[in-house]
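> Curious how this folds, go ahead:
(one chain, ligands or ions: 1)
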Amino acid sequence: MAKYDCAIIGCGARGTHQAEMLQRIPEMELAALCDIDSDKLQEFGKRFGVTARYTDVDAMLADQPPDIAYIMTHPTVRVEPAVKCAQAGVKALTMEKPMALRPSEGEALAAASAETGCLMAVNHQRRYMPHWQEFRQSLADGCIGEIKFIRAATFSRTLLEMGGHMMDLLLMILQEADPMAVWATSAGAEGFQSPIEHYAPRQTLARILFPGPLEVLWVHSQDGVNTLGESTCYMHLEFNVWGTEGYAWHTQNEGWGYQRRGMAEPVGGPTSWWDDNEQAQVEFTRAVGKWIEDPAAEHECSLEHSMRGFRTLMGMCKSSLTGQPWEYGTPVADQDIDALQALLEQREG
Ligand SMILES: NC(=O)c1ccc[n+]([C@@H]2O[C@H](COP(=O)([O-])OP(=O)(O)OC[C@H]3O[C@@H](n4cnc5c(N)ncnc54)[C@H](O)[C@@H]3O)[C@@H](O)[C@H]2O)c1
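Coordinates of the predicted model:
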């Protein structure tokens, strides 16, 4: 029997995927839907057998407040429904990535979660893919000794699109470490043109410093040489990790592995977004229920984890604007992001 009444806000492509995955989780029942597009809402409701359909989130929360809300809209419609859900007593919610577009939005989400106790997670579902967990564990076990240098590369549309996933996975394999500083440069004002692009630079090259000897080369380039053989933009995600005792790697669809000094052959396994994405979304979703039962057992994709990455991405924008290193923890203002957009437009104009 279902334990949690769930609602989906945003019945588009990702909302459909979330609804399909909910069908695989007996303890969760899709009880309410919300979308401003009435035709889409009705069609979605019929397909998933949900009669509680709303075009307004306030009405949904007044009539049928869920235990868990899945906010599957674009990031321009993110903070407001999340804060409303939290204030209405929703126990937990997830939101699609990117979690926010501006520094103040990220901070507003963190404040709403802290004030209301609503548990929040960001849909960085790759964390639940088995090979990512094995990769993280192997590095934590010292498979290549102390990590000294990482190249993290993606080639899709903007800093906040695949960049959000890449930052999240980078901090995951580093055991949620706080960066110390970021020194970045960005290009591509057209990335600010629509919510689909997520209002962020098209390309960003950065050096990220962590405590100790660790440095990261961050390569996010729309126009760079892609992962050979990949055609879809979401599929370009590469990590190369050098340690004191060896080398490790993870490529989204070409496998992961490591080779330590003295090993005749590398050890590792396959990776496939296509094979693993659905199950990862199921595990991500199921973990929300477990989190409600035991808030101390934090969700892999908790807002707290995501905030570290989001602040670092905002710091990359600030550093790109000033040409100077940005120290982790230094506030970034919304106006800094607007100023970066203006600067990139001016350079290209
Ligand atoms: N985690 C991932 O792997 C992954 C993959 C693809 C996309 N995404 C992210 O998912 C998000 C949504 O993408 P999508 O492709 O599903 O978009 P979409 O356009 O298909 O769906 C968005 C839906 O939100 C609805 N909507 C808009 N305003 C609303 C409001 N005020 N209240 C309720 N509903 C509202 C729209 O009518 C639409 O149906 C994006 O941020 C995207 O970056 C994540």
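> which stretches of the stretch 1-150 of the chain form helices?
13-22, 38-48, 57-63, 79-87, 103-116, 130-140 (DSSP state H, counting those that start in this stretch).
> helices or strands next to the first one in the packing?
I take that to be helix 13-22. With contacts defined as 3 or more Cβ pairs under 8 Å, 6 or more residues apart in numbering; DSSP states H and E, helix 13-22 has these neighbours: strand 4-9, strand 28-34, helix 38-48, strand 68-71, helix 273-293. Quick note: C-beta positions are derived from backbone N, CA and C, even for glycine.
> Tabulate the ones you listed (TSV), appending distance to L344 and mean pLDDT.
Shown next, in TSV, are those (distance: least, Cβ to Cβ, whole Å; pLDDT from 0 to 100):
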stretch	distance to L344	mean pLDDT
strand 4-9	32	98
strand 28-34	35	98
helix 38-48	34	98
strand 68-71	29	98
helix 273-293	30	97
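> Out of the helices of the stretch 1-150 of the chain, which is the most enclosed?
helix 79-87 (a mean of 21; mean count of other Cβ atoms under 10 Å).
> how far off helix 103-116 does that one point, in degrees?
On the basis of axes from the mean of the first three to the mean of the last three Cα atoms, to 10 degrees, helix 79-87 is oriented at 10 degrees to helix 103-116.
> Give me the distance between the residue in the stretch 1-150 of the chain that the ligand sits nearest to and R261.
Per Cβ to the nearest ligand atom, G12 is where the stretch 1-150 of the chain lies closest to the ligand, at 1.8 Å. Computed with Cβ to Cβ, to the nearest Å, the distance linking G12 and R261 is 49 Å.
> Looking at those two, which is more packed in?
The residue with more neighbours, out of G12 and R261, is G12; 16 against 11, by other Cβ atoms under 10 Å.
> surely the more buried one meets V77?
No. The criterion here is Cβ atoms under 8 Å, and G12 misses it with V77 at 10.8 Å.
> Now do the same for the nearest residue in space to G323 that is not next to it in sequence: its pLDDT.
Nearest non-adjacent residue to G323, counting by Cβ to Cβ, 6 or more residues apart in numbering: T185, 7.6 Å away. Reported pLDDT at T185 in the predicted model: 98.
> Looks like T185 contacts P201 (just checking).
No. Assessed by Cβ under 8 Å, T185 is found out of contact with P201, at 9.3 Å.
> what do the two both touch?
Residues touching both T185 and P201 (Cβ atoms under 8 Å, 6 or more residues apart in numbering): S320.
> These two: which has the busier surroundings?
Neighbour count, other Cβ under 10 Å: between T185 and P201, P201 has more, with 28 against 14.
> Now that one: phi and psi?
phi -60, psi 150 (degrees, to the nearest 10).
> Could you report the distance from it to the ligand?
16 Å (Cβ to the nearest ligand atom, to the nearest Å).
> L159 is in contact with that residue, correct?
Yes. With contact defined as Cβ under 8 Å, P201 counts as touching L159 (5.2 Å).
> thinking again about what came up before, and the residue nearest to G323, its phi and psi?
According to degrees, to the nearest 10, T185 has phi -140, psi 140.
> quick one: the residue of the stretch 1-150 of the chain closest to the ligand and I36, what's the gap?
11 Å.
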